[in-house]
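Participant: no letters, just coordinates:
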């Protein structure tokens, strides 16, 4: 089929995959339909040659495809564990899923899980699409884990209607074998009509939330233990100053969740409150201080919007454990909770939609566009301080040029036409999802120069 350039948001990560995966007839490495255990050895060679940014080598690396993935996938089917140098992919085998984990630099198989049956998919309703299985990587207490997960109906039979859950199969990154059982499993109950589920690295375990429900649940990746945080949680200092309605969990810490009140205000209950950490240049006063909003988060950091002293909008990065301000920038537009965001593997650089930060220097950059400049949406950032994204196109909601932004200067550079965008910028490789004919997506792992 003929492909068109389209940006597809999958679990907050921009996948540039108009149509993909045309180099393989199935999900099994090396071609063929997936019928048995994962094969040892390296992944596919680079069958599709790409034009990639100068930091990467278009001739060295490996590729794999996920042909089962529908165009309207709701969950990200891959995840990286940078500390272990591993990359996980969700493969399909019949009506079961298989977690396959490979060396991100070479494609060599490190382990594969046994076939895992997800809960029965929920019927789509309203704006909710049929949900697909996903995988998330998390670092907890210095160790990395992978979580294969899916949202659906568990326990349904002739006598039981079943119940909605997010089911998770948890694997330490150092698992071995070609049909490994998960070290732990977990099931997190979800409310009916609560929207699509999300599982992400919460910074101190896995965080499970739903699009249309308050609160959230933490899952200990090492034990499978769960702890629910209801939407009725309160921030004492905030609730004494303004009305408090509904609490969303943005991320996790060792002392509790970072919650964001729907009416404004955020922090860890009983530990810190945003009103004690007003960024320089933000407006002071009870209304402004308590109505600041935690919009999104990456592990260890919260991105919040504040009213500026000069009526502009300020975006601050707060340390999730302490509330301390780490970096700021003034910008009329900012990220969204379901939009793309990335933290460099070494934790220094952060990119989130039109914003980018150097957390070591405290410097921030705004790429929201102007009457003269095109807006830029950033997708990935590496330890080298290079962030990558897409400039807006000539028509609404279309993508233009691939852009690289060195975060020592903040000066964007449009890359030549046809250069691919890395959706992940890892220490060993860049991960690309090029446009090719066929179902699903093609993943290309091109080594750094």
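Facilitator: The structure has been received and is ready for your questions. Predicted model, so just to flag it, every value in this text is computed and none were measured. Numbering: from 1, shown residues only.

Participant: quick check: closest non-adjacent residue to residue 82.
Facilitator: Residue nearest to residue 82 in three dimensions, not counting chain neighbours: residue 345, with 3.8 Å by C-beta to C-beta, 6 or more residues apart in numbering. Placement of C-beta: from N, CA and C, glycine included.

Participant: so where is the stretch 251-400 of the chain shaky, pLDDT-wise?
Facilitator: For the stretch 251-400 of the chain, the stretches with pLDDT under 70 are 286-288.

Participant: before we move on, back to that, in three-state terms, label the residue nearest to residue 82 for me.
Facilitator: Per DSSP: H, G, I helix; E, B strand; the rest coil, the secondary structure class of residue 345 is coil.

Participant: strands along the stretch 201-350 of the chain, start to end?
Facilitator: Secondary structure of the stretch 201-350 of the chain, counting by DSSP state E, counting those that start in this stretch: strands at 206-210, 216-219, 226-229, 247-253, 256-261, 266-268, 272-273, 293-298, 301-307, 313-319, 325-330, 341-343, 349-352.

Participant: ok, which of those strands comes nearest residue 60?
Facilitator: Of all the strands of the stretch 201-350 of the chain, strand 341-343 sits nearest to residue 60, with 23.2 Å by C-beta to C-beta.

Participant: what's the closest one in contact with?
Facilitator: With contacts defined as C-beta atoms under 8 Å, 6 or more residues apart in numbering, strand 341-343 is touched by 12, 296, 298-301, 303, 335, 349-353, 378-381, 387, 424-425.

Participant: again, 6 Å this time
Facilitator: Residues outside strand 341-343 that contact it (C-beta atoms under 6 Å, 6 or more residues apart in numbering) are 296, 298, 335, 350, 351, 352, 380, 381.

Participant: one more: stretch 236-245?
Facilitator: Everything outside stretch 236-245 that qualifies as a contact, by C-beta under 6 Å, 6+ apart, is 234, 261, 262, 263, 265, 273, 275, 286, 290.

Participant: then stretch 271-283?
Facilitator: 235, 237, 255, 266-267, 289-290, 292, 306-307, 309, 314, 316, 323, 325, 328.

Participant: which one of the contacts of strand 341-343 is nearest to residue 251?
Facilitator: For the contacts of strand 341-343, the nearest to residue 251 is residue 298 (7.8 Å; C-beta to C-beta).

Participant: leaving out chain neighbours, which residue sits closest to the closest one?
Facilitator: Closest residue to residue 298 apart from its sequence neighbours, by C-beta to C-beta, 6+ apart: residue 343 at 4.4 Å.

Participant: with residue 222 instead?
Facilitator: By the measure of C-beta to C-beta, 6+ apart, the closest residue to residue 222 outside its immediate chain neighbours is residue 140, 6.1 Å from it.

Participant: next, give phi and psi for the one you found.
Facilitator: Phi and psi for residue 140, reported as degrees, to the nearest 10, are phi -140, psi 120.

Participant: beta partners for residue 150?
Facilitator: residue 167 (DSSP bridges).

Participant: apologies, that question was intended for residue 187.
Facilitator: residue 167.

Participant: other residues contacting the one helix or strand residue 101 maps to?
Facilitator: Using DSSP states H and E, residue 101 maps to strand 96-103. With C-beta under 6 Å, 6+ apart as the test, strand 96-103 has contacts from 38, 43, 86-91, 109-113, 115-117, 133, 148.

Participant: and for stretch 179-189?
Facilitator: Residues outside stretch 179-189 that contact it (C-beta under 6 Å, 6+ apart) are 37, 111, 113-114, 165-172, 208, 217, 219, 224, 226.

Participant: with adjacent residues omitted, what lies nearest to residue 110?
Facilitator: That would be residue 101: by C-beta to C-beta, 6+ apart, it lies 4.9 Å from residue 110.

Participant: repeat for residue 407
Facilitator: Nearest non-adjacent residue to residue 407, counting by C-beta to C-beta, 6+ apart: residue 385, 4.5 Å away.

Participant: do you know how far that neighbour is from residue 315?
Facilitator: 19 Å (C-beta to C-beta, to the nearest Å).

Participant: what's near enough to touch residue 448?
Facilitator: residue 56.

Participant: state the pLDDT value of it.
Facilitator: Per-residue pLDDT puts residue 448 at 97.

Participant: bridged to it, which residues?
Facilitator: With beta bridges defined as DSSP bridges, residue 448 has these partners: residue 56.

Participant: next one: residue 344 relative to residue 336, how far apart?
Facilitator: Remark: distance between residue 344 and residue 336 (C-beta to C-beta) = 21 Å.

Participant: of those two, which one has the most company?
Facilitator: Remark: of residue 344 and residue 336, residue 344 carries more neighbours, 24 against 14, as counted by other C-beta atoms under 10 Å.

Participant: from what I can see the more buried one touches residue 384, true?
Facilitator: No - with contacts counted by C-beta atoms under 6 Å, residue 344 stays clear of residue 384, the gap being 8.4 Å.

Participant: can you list contacts of the helix or strand encompassing residue 357?
Facilitator: Here residue 357, judged by DSSP H and E, is contained in strand 355-358. Strand 355-358 is contacted by residues 315, 317, 327, 350, 364, 365, 378, 387, 407 when judged by C-beta under 6 Å, 6+ apart.
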